[in-house]
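Participant: sequence and predicted model, in that order:
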Amino acid sequence: MRKRGGLILATAITVIAGGLIWWASSSRPPVPVDPVYDGYPLSQWLDHSAFGPVELSSYHYPSVDSNAVPFLVQTLKRNGPLRRAYKGLWARLPFWWQNHMPDPMPRRDVRADSCMLLGRLGAAARPAIPELIRLLRDDEDRFVRLFAAYSLGSIATRDDTAAVEALVMATKDKEKFVREAASETLSIVAPAAARKAGLTNLPPDTNVQTIGHKPS
């Protein structure tokens, strides 16, 4: 009985939190338009599960254009305190309740794939640089930090001081392959900064073609 009461309370709190999030969001600028590519909205391309049995990966994505940038940047945005609280409550709900409540946070693959798509756009994705820098510095997932590093290599130039500084910091990341990605990207984007940071050799086994680096 006590367990059931706790479940009802958690459900009520989650519903209230969801309402508060909706209310707080209503005063914000509208969500960017979800562009359509090859007959599907970009959000559906990013949400692989929406295709049911069809296996999709980053290698199957359609070619996107600059119209996708605002939407992709939005997928990378940091969640506020209300949304973080909602995420914690949502995770404790039974599976059948979760299916009836909005997913509280983009999954790791959504953030990583958004970084990848932004990197493919090159200079057209320059509005994404601040969010990519934040991901590289702060995201809790190592794969997201990896993709953020490679994407900055396709978008930023040596004159983007904040991006170069973030890449220098990432060469000391706790994860080895993030350090390697940042080192390789820095050596391409800003060779002088790489030399100043003491980088002399590129990692031997990374593949920058996944994102599409180009020197500044």
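Facilitator: That came through fine.
Participant: pretty sure Leu118 contacts Phe71?
Facilitator: No - Leu118 sits out of contact with Phe71 when judged by C-beta atoms under 8 Å, with a separation of 10.5 Å. Any C-beta I mention is one placed from the backbone N, CA and C, and that applies to glycine too.
Participant: quick one, which of these two is more surrounded?
Facilitator: Using other C-beta atoms under 10 Å, the more surrounded residue of Leu118 and Phe71 is Leu118, with 31 against 20.
Participant: residues contacting the more buried one?
Facilitator: For Leu118, the contact set (C-beta atoms under 8 Å, 6 or more residues apart in numbering) comprises Val69, Leu72, Val73, Ala125, Ala128, Leu132, Ser151, Ile155.
Participant: in helices, which of the residues you listed appear?
Facilitator: Those of the contacts of Leu118 mapping onto helices are Val69, Leu72, Val73, Leu132, Ser151, Ile155, per DSSP state H.
Participant: most neighbours among those, which one?
Facilitator: Counting neighbours by other C-beta under 10 Å, the top entry in the ones in helices among the contacts of Leu118 is Ser151, with 30 neighbours.
Participant: ok, that residue to Phe95 distance?
Facilitator: Going from Ser151 to Phe95 by C-beta to C-beta, to the nearest Å gives 34 Å.
Participant: helices and strands of this structure: which one bottoms out on pLDDT?
Facilitator: helix 2-26 (a mean of 54; mean pLDDT, DSSP states H and E).
Participant: dump the ones in helices among the contacts of Leu118 to JSON lines, plus distance to Ala170 and pLDDT.
Facilitator: Formatted as JSON lines, these follow (distance: C-beta to C-beta, whole Å; pLDDT from 0 to 100):
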{"residue": "Val69", "distance to Ala170": "23", "pLDDT": "96"}
{"residue": "Leu72", "distance to Ala170": "21", "pLDDT": "94"}
{"residue": "Val73", "distance to Ala170": "20", "pLDDT": "94"}
{"residue": "Leu132", "distance to Ala170": "11", "pLDDT": "97"}
{"residue": "Ser151", "distance to Ala170": "12", "pLDDT": "96"}
{"residue": "Ile155", "distance to Ala170": "15", "pLDDT": "96"}
